[in-house]
Structures are given as C-alpha cells and as structure tokens.
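Chemist: The amino acid sequence is not available; the structure is as follows:
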C-alpha cells in the first residue's frame, strides 16, 4: 500500500480528462483504509474518495488525496427458498455484480445492467435506469467514519435514498467511506417491466422473458443510446431529469403539447431532460471538442481532446437555453471536482 504522488487521473474518469492529483492511493481492505486515514498525508490534505470516476468531471489539478477502493468480494450472508442476501465489496465493478446475479438467477439487479460504476459509488449515487434504482435492492450499507475510523452500518431507510442521491451525498458527504453493501435479491421471478416499452423490446428478439433476456435487451438499448467511454469520453447522463410542479407543467403543455412527463404524485411531475435539451436545438452541436451526443441529447461527450472548460462551458449554455425556453433549471448529475 503506497500513497503515490502527482498521478494522472486519466484512468479514473470516464470523460478522459488528463488532470493530476497531488496524492493517490488504492486500498484492498478496511485495515488498509484505516491505515491510510491515520497517515499524516491524508490527515493534512483535502480528501476525496472515488469509485470508477464515471460520474465525475475533474475541472483542475486536485490539490489533495484521492482514495480508491479495491475491496472486492461477493459473499452470501443469508438465504432461503425465496430470497438471498449478498454482501459485496465496494470495489466490485457494478456490472460484474449484475452479471453474477443474472447467472445465478437472482432477481432484482438486471434492469441496472451495463451502468458504469463500482458497488460503493453506486450505493452512494443511487444509480437507476429502466424503472429501477439500486435502493430497491439495498438492505444496508457498511461504512468507515473518516475521523473516528469506526464502522457504521446504515439500513436502507437510514440511507435517505432519493432520485440520484442519498445521505452520503448530502448530510454525511465527506464523512463516511462505503466499504461494502448488502443486497437482497429474489430467487423467484419478480421482473420489473414497468418501464416504457421494455417488455415489447424484450419480445422483439426473444420468445421468453427471463433474467438473461432482460439483461441482454437492456445492454442493447444502452449501447444504442450511450457511447462507449473508452471510445468517446462521457459520464452518461450529464443532467438530472427535472421535477416540476404539475401547475407549471399544465402551463407549459399549452405551448408544448407533445412534452412528455411522468407523474410523481398529485403535485409533482418529472420531465425528461433529453426532451428539453433537444427542443433547444443542442443535439449534435459541439463546443470545441465537447459536444452533445447525436443519439442522446442528455449526454455530453469528449470527442477527442476536450478540456473540462469546454465541457463546462457547453453545459452552462445548455442550462441557460433550457431556462430561457422553459423556465426550468437543469441540475447536473455529474459531480464537478
């Protein structure tokens, strides 16, 4: 276990931005994490813990220490005829875990196939797609307190999960490091097919609906909408889908009768950010080497050698235009560092 100096973060961010950090360290166990947290360097420097860097945009040289988990295991903690509890290390690649579940016929994670993340970061972010969120299957989250080094376990309800957020992104941001997550999966078929046209898409290519076919279909859909970050730098959805009051939606519908929406409750609706961005004419437009992906206006891409400034400038112009046209504020899903 070494604390490295002046390391490039190019392998640790999906945007492909070549910025450096003053210090960087991987760790393979809770014991190593505690040793790092007790070291003089970590105590005296700004600290950032990252996952795979799939939801980050580094805007400049990081003047501090970046820690990254390599705690990798999947273990059965409890099992019966109907369900199974799996305890998973924070450094496990998220899609490797989903694949493990599908292969073993454990139901609950399949709709989240192919999301680039690591298990710890996914639980902090509350990743979601195709009508599912990780919070649907999280039983508890294990953490280490950065200051006291004490272990603390948070139940699902204590995580305060919301749309792409949790207590670890809000009240406890910068205080806890996730070391493991326990998931509850069903051993019985309990498929989530509520997302628009998902069932039809599966049956286009398969005669049966099962975990393998659901996963394959979702991977295919994602590949059609999202660029591979190894080929074209991106962090997936750059903006969150905004929630607005139903009364505001009714006013907007008069001018934009085809505006899609998803009711959250009697007072709130969710509007697809992709629709708003495309209506403002941003699809396929570029700002230097930063641009809006041609197949999905929600995705900002680094076509070649875009800088973080290029990406931020484009994002701000998109936000301004959506605000002007719809009076809706777009919030970034990507975290700016």
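Modeler: In hand now; what should we look at? Quick caveat: nothing in here was measured; it's all calculated off a predicted structure.

Chemist: Okay, helices next: where are they in this structure?
Modeler: For the chain, applying DSSP state H gives helices covering 30-38, 40-44, 94-103, 119-125, 198-205, 211-225, 246-255, 273-279, 308-326.

Chemist: residues near the spatially closest residue to residue 210 that is not a sequence neighbour, how many?
Modeler: Distance criterion Cβ to Cβ, 6 or more residues apart in numbering; nearest residue to residue 210, sequence neighbours excluded, is residue 189 at 7.6 Å. Backbone N, C-alpha and C define where each C-beta goes, glycine included. Counted with other Cβ atoms under 10 Å, residues neighbouring residue 189 total 10.

Chemist: Surely residue 189 touches residue 107?
Modeler: Yes - in this structure, residue 189 is within contact of residue 107 by Cβ atoms under 8 Å, at 6.3 Å.

Chemist: hmm, what's the outermost residue in the chain?
Modeler: residue 254 (34.0 Å; Cα atoms, centre = their mean).

Chemist: before we move on, back to that, could you say which of the helices of the chain is packed most deeply?
Modeler: Of the helices of the chain, the one with the most neighbours on average (mean count of other Cβ atoms under 10 Å) is helix 119-125, at a mean of 28.

Chemist: tell me the mean pLDDT over it?
Modeler: Mean pLDDT, helix 119-125: 95.

Chemist: now what about it, what contacts it?
Modeler: Under the criterion Cβ atoms under 8 Å, 6 or more residues apart in numbering, residues 50-52, 54-55, 69, 88-94, 97, 115, 117, 134, 138, 141, 159, 164-166, 168-169, 177-181 lie in contact with helix 119-125.

Chemist: same thing but 7 Å
Modeler: Helix 119-125 is contacted from outside by 51-52, 55, 69, 88-92, 94, 97, 117, 134, 138, 141, 164, 166, 168-169, 178, 181, using Cβ atoms under 7 Å, 6 or more residues apart in numbering.

Chemist: what stretches of this protein score poorly on pLDDT?
Modeler: Scanning the chain for pLDDT under 70 picks out 1.

Chemist: now the residue nearest the centre of the chain: how far from residue 33?
Modeler: In the chain, the centroid-proximal residue (Cα atoms, centre = their mean) is residue 127; its distance is 4.4 Å. From residue 127 across to residue 33, the span is 23 Å (Cβ to Cβ, to the nearest Å).

Chemist: Repeat that for residue 126.
Modeler: In terms of Cβ to Cβ, residue 126 sits 23 Å off from residue 33.

Chemist: Please apply the same query to residue 140.
Modeler: From residue 140 over to residue 33 the distance is 18 Å, taken as Cβ to Cβ.

Chemist: cool, residue 327 as well?
Modeler: 46 Å.

Chemist: wait, isn't residue 9 in contact with residue 56?
Modeler: No - with contact defined as Cβ atoms under 7 Å, residue 9 does not reach residue 56; the gap is 8.9 Å.

Chemist: So residue 67 sits against residue 45, correct?
Modeler: No - if you go by Cβ under 7 Å, residue 67 and residue 45 don't touch, sitting 10.8 Å apart.

Chemist: Settle it for me: which of the two has more neighbours?
Modeler: residue 67 (20 against 17).

Chemist: give me the number of residues near the closest residue to that one other than its chain neighbours?
Modeler: Nearest in space to residue 67, with sequence neighbours left out and distances taken as Cβ to Cβ, 6+ apart, is residue 49 at 4.8 Å. Using other Cβ under 10 Å, residue 49 has 19 neighbouring residues.

Chemist: Ok, residue 54 next?
Modeler: Neighbours of residue 54 (other Cβ under 10 Å): 24.

Chemist: Could you do residue 84 as well?
Modeler: Using other Cβ under 10 Å, the number of residues around residue 84 comes to 21.

Chemist: and it, what does it touch?
Modeler: Residue 84 is in contact with 76, 106, 185, 187, counting by Cβ under 7 Å, 6+ apart.

Chemist: Quick one, which of those residues are buried?
Modeler: Buried members of the contacts of residue 84, counted by 16 or more other Cβ atoms under 10 Å: 106, 185, 187.

Chemist: is it true that residue 193 touches residue 203?
Modeler: No - between residue 193 and residue 203 there is no contact under Cβ under 7 Å: 10.2 Å.

Chemist: Next, show the common contact partners of those two.
Modeler: Joint contacts of residue 193 and residue 203 (Cβ under 7 Å, 6+ apart) do not exist.

Chemist: So which residues of the stretch 51-200 of the chain form strands?
Modeler: 56-57, 62-69, 74-79, 83-89, 128-129, 132-133, 138-145, 151-155, 176-186 (DSSP state E, counting those that start in this stretch).

Chemist: Now do the longest one against strand 151-155, angle only.
Modeler: If I follow you right, that is strand 176-186. 40 degrees (axes from the mean of the first three to the mean of the last three Cα atoms, to 10 degrees).

Chemist: buried residues in strand 176-186?
Modeler: For strand 176-186, burial by neighbour count (16+ other Cβ under 10 Å) applies to 176-185.

Chemist: Of these, just say which sits nearest to residue 303.
Modeler: residue 178 (33.3 Å; Cβ to Cβ).

Chemist: Look up how far residue 276 lies from that closest one.
Modeler: 33 Å.

Chemist: Spatially, what comes nearest to residue 14 if we skip its sequence neighbours?
Modeler: Once flanking residues are discounted, residue 14 sits nearest to residue 229: 3.9 Å by Cβ to Cβ, 6+ apart.

Chemist: Thanks a lot, catch you later.
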